[in-house]
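K.L.:
This is the structure alone, sequence omitted:
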């Protein structure tokens with residue numbers, strides 16, 4: 001391999017804007033599915049519900065049980081009335097960590113009003129974040145659930161609608177904390193998961209709260225200089241044992257999404273931690289220790305998720321698959337179609 005694998009521009013491609021999905025498919029499991037076989041290289045075109053044909057009895061399918069919080073708030077400064085937009089990035093105890101725009105107007109000691117509730121700006125943090133605290137006794141998560149909006153990604157160029165409260169959330173979402181959906185999991189319906197289990201596939205879960213760093217662009221040409229923003233994760237003992245048993249028996253571990261992959265590869269079958277904050281940045285070349293296959297969506301050019309799937313399948317194979325997906329008008333990004341890498 002040459003040095004070009006470390007160049008960000010090596011992972012660029014042209015995407016027609018009309019292929020950026022603005023709404024989810026009518027039914028979760030009716031998204032399209034591109035199947036990429038690595039050895040020998042082959043591409044197949046299916047519907048997502050047909051993923052059952054590619055999963056074997058004894059496989060372990062790992063999903064992310066995080067729940068997206070209503071992290072976007074619209075408020076005004078007190079007493080001036082100037083409009084501000086708040087994107088919550090994390091809840092820490094009774095405090096809210098958030099990006100506030102315009103940031104220069106949100107100084108420590110100032111107050112922001114959101115639909116009658118008052119937030120005090122306590123402090124600055126690195127990266128332009130602010131620490132906010134509610135002046136009432138309302139709990140932060142209850143406040144967000146009542147007054148927040150689903151934090152749709154910037155390439156969904158429309159205001160949030162009622163459908164987003166349901167469809168920008170997986171059917172197995174459980175633990176609130178993410179500010180973006182683990183989008184590969186959006187394609188599963190409860191019925192499809194039951195069918196997968198009935199075929200002898202073990203379905204298990206990890207937790208990784210997706211932070212705003214998932215949309216942060218890589219700004220360095222040498223990708224080795226990029227630093228990932230830490231994201232909180234947990235892998236419970238039951239899941240760890242199930243995966244270790246499968247690996248020892250030569251059975252496959254299939255991760256659903258880049259979030260699950262990063263959590264599992266941070267753990268590394270026990271060589272790394274099973275919880276905490278993962279700052280793992282996966283890019284070519286990378287030796288995967290845990291996963292044998294992966295379900296994923298189609299990612300932005302020059303993005304960290306694209307680098308991760310390139311590490312798994314090889315950059316050239318990923319680019320061939322993306323070119324074919326564009327030719328066949330697959331839908332891209334969060335509300336788009338899916339890919340299965342085997």
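P.N.:
In hand now; what should we look at? The structure displayed is predicted, hence computed values, not measured ones.
K.L.:
Count the neighbours of residue 226 for me.
P.N.:
17 (other CB atoms under 10 Å). All C-beta atoms are positioned from the backbone trio N, CA, C, and that covers glycine.
K.L.:
distance of it from residue 171?
P.N.:
Look at residue 226 and residue 171: by CB to CB, to the nearest Å, they are 33 Å apart.
K.L.:
again, but for residue 183
P.N.:
On the measure of CB to CB, residue 183 and residue 171 end up 13 Å apart.
K.L.:
likewise residue 9?
P.N.:
38 Å.
K.L.:
Give me the residues contacting stretch 269-283.
P.N.:
6, 208, 223-224, 226-235, 240, 243-244, 247, 261-263, 265-267, 289-290, 304, 307-308, 310-311 (CB atoms under 8 Å, 6 or more residues apart in numbering).
K.L.:
taking those residues one by one, which sit in helices?
P.N.:
240, 243-244, 247, 261-263, 265-267, 304, 307-308, 310-311 (DSSP state H).
K.L.:
Of the residues you listed, which is the most crowded?
P.N.:
That'd be residue 261 among the ones in helices among the contacts of stretch 269-283, by other CB under 10 Å, with 29 neighbours.
K.L.:
Check what pLDDT that one gets.
P.N.:
With respect to pLDDT, residue 261 has a value of 98.
K.L.:
residues contacting it?
P.N.:
Residue 261 is in contact with 255, 282, 291, 294, 308, 312, counting by CB under 8 Å, 6+ apart.
K.L.:
Could you give the number of residues near the third one?
P.N.:
What it means is residue 291. 19.
K.L.:
I'd say it and residue 265 touch.
P.N.:
Yes. Assessed by CB atoms under 8 Å, residue 291 is found in contact with residue 265 at 7.1 Å.
K.L.:
pretty sure residue 50 belongs to a strand, no?
P.N.:
No. Residue 50 is assigned helix when assessed by DSSP: H, G, I helix; E, B strand; the rest coil, not a strand.
K.L.:
Run through the helices of the stretch 51-200 of the chain in chain order.
P.N.:
140-147, 162-167, 190-198 (DSSP state H, counting those that start in this stretch).
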